[in-house]
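Q: Fold the stuff below for me.
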Amino acid sequence: MTSVAELIQRDGLIVVCGSGGVGKTSISAALGVLAATQTEKRVLVLTVDPAKRLANALGLREFGNVEVQITSELFKTSKTKLRGSLSAAMIDTKASWDDLISRHAPDEATRNSVLQNSLYKNLTERFVHSHDYIAVERLYQAHSSGAYDLIIVDTPPSRNALTILDAPKRMQDFFSSRLLKLLTANSQWQLLTLAAKPFYEIADRLLGKGLLRDVAEFFTLFRTMETGFVERAKKVEALLHDSKTSFAIVTTLEDAPLSEAEFLSVALKERKFTTHLAIANRIIPKELQGEVLIEQADVLNNARQNTEFISELTEVLLSKDKSSDTSSNTSSEIDEANLLKLLTQTLETIQNYAQETTKISEMQSALLGRVAGFADNFTVAPMLESDIADINGLITLGKNLNIV
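A: Next up, the predicted model:
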């Protein structure tokens, strides 16, 4: 049985997956805070989701490709303090690609030619799939640096997360593809240049001057880095399959997110990744479930029928009302009739809410069985009173990740 407590005690990676809107970013940040406050580990929360939600969840204005360490100052309003260290970063696709090219280029001239190539600039700045490989590459870089004991990865929604996990294999396949061989065959490009000069002139007018030549130059230069890229991609793929890498699937107990979680679980198994834990988020807390509210309603109903209690409560409220407004000459509207009316309205509200939460609780209990169907181990995170806006909210969420 793998619990949240056991996950954060391990060194390695925790990859947090799930459909959009289920709270992956909050869960990822909460796990990071929990690990850094419950252990002495050096923890990094890394988001490979291009959205900037993680910065908000951690109370930061912004952060980028370089890790930002969360200082103890952020915890000054909390009783919980850091025992280890906590850092956060997100992927800057362009900066990460530039760094990768600089590392693998065989010489300075090749590096400069690639970085200045117009196709390269367009691919890294505008082409969304250029983010996929660089995301796992950045993850591998952070892991191999040795600066962190535990890295928690906040991924994009399910299907996008899978494209990121598949990126190392696609990179290896690309370098062995016939397309790359065709694009980088000098003799063929020279032949095309001579035989298809009219075509080039038309292409230059339609696509921009020199675009096809930039394509040929880029892929020719890119292929000189084949050995470094392929070896790196293999290491990244091995890291994702390492026994120290854990996958956690986050879902809410609604049909659409649950169906996506089930799909994701199957897809991870097909790729030979292990789902160590599922987290059912935004569960109705026990204190707001129907049975508890019905008990409260019974207490309130008994109080409403106790005339002696009503009289005493009316006198107490009247005395407080007079002491808090000595300047007013108007008589108070508080009397036994009004108090009984207020208690009756409150009782009806609680009873109605109890009926609704009972229905939701029954539905969630049934859907929780579906979570157990695709995850041997799962935990729940209760719905909080308000949205997470600061570190205290993350601390509360982390502490409430209780094993079922």
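Q: how close does T245 get to V4?
A: Distance, T245 to V4, by Cβ to Cβ, to the nearest Å: 16 Å. Where C-beta positions appear, they are placed from N, C-alpha and C, glycine not excepted.
Q: could you say what helices and strands the longest helix along the chain packs with?
A: Counting residues, the longest helix in the chain under DSSP state H turns out to be helix 336-374. The helices and strands touching helix 336-374, judged by 3 or more Cβ pairs under 8 Å, 6 or more residues apart in numbering; DSSP states H and E, are helix 255-270, strand 275-283, helix 290-304, helix 307-324, strand 378-382.
Q: Of the ones you listed, which is nearest N338?
A: N338 sits nearest to helix 307-324 of all the helices and strands packed on helix 336-374, at 8.6 Å, using Cβ to Cβ.
Q: and A135, what is it in contact with?
A: 48, 91, 164, 167 (Cβ atoms under 8 Å, 6 or more residues apart in numbering).
Q: so T275 sits right up against V266, yeah?
A: No. Assessed by Cβ atoms under 8 Å, T275 is found out of contact with V266, at 9.9 Å.
Q: and those two? which has more neighbours close in?
A: T275 (23 against 12; other Cβ atoms under 10 Å).
Q: Nearest spatial neighbour of that one, chain-adjacent residues omitted?
A: F247 (5.0 Å; Cβ to Cβ, 6 or more residues apart in numbering).
Q: related to what we said a few turns ago, hey, what's in contact with both of T275 and V266?
A: By Cβ under 8 Å, 6+ apart, the residues touching both T275 and V266 are F374.
Q: Would you map the strands across the stretch 101-250 of the chain?
A: 150-154, 245-252 (DSSP state E, counting those that start in this stretch).
Q: can you redo those strands as CSV with mean pLDDT?
A: Listed next are the strands of the stretch 101-250 of the chain as CSV, based on pLDDT from 0 to 100:
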stretch, mean pLDDT
strand 150-154, 93
strand 245-252, 93
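Q: Looking at these, which is nearest to Q364?
A: Once the strands of the stretch 101-250 of the chain are compared by Cβ to Cβ, strand 245-252 is nearest, at 9.2 Å.
Q: Can you tell me what sits against the closest one?
A: 2, 7, 10, 12-19, 21-24, 27, 31, 239, 257-258, 260-261, 264-265, 268, 273-282, 371, 374-375.
Q: Check the offset of that strand from the chain's centre.
A: Its chain's average C-alpha position is 10 Å from that of strand 245-252, according to Cα atoms, centre = their mean, to the nearest Å.
Q: repeat for stretch 234-253
A: That offset, for stretch 234-253, works out to 14 Å (Cα atoms, centre = their mean).
Q: Between the two ends of it, how far is it?
A: 37 Å (Cα to Cα, to the nearest Å).
Q: in it, what's buried?
A: Neighbour-count burial for stretch 234-253, with 16 or more other Cβ atoms under 10 Å as criterion, is recorded at 236-237, 239-240, 245-253.
Q: Could you do stretch 263-278 as well?
A: 264-265, 267-268, 273, 275-278.
Q: Those: which two are farthest apart?
A: It's A267 and L277 that sit farthest apart of the buried residues of stretch 263-278, by Cβ to Cβ, at 16.7 Å.
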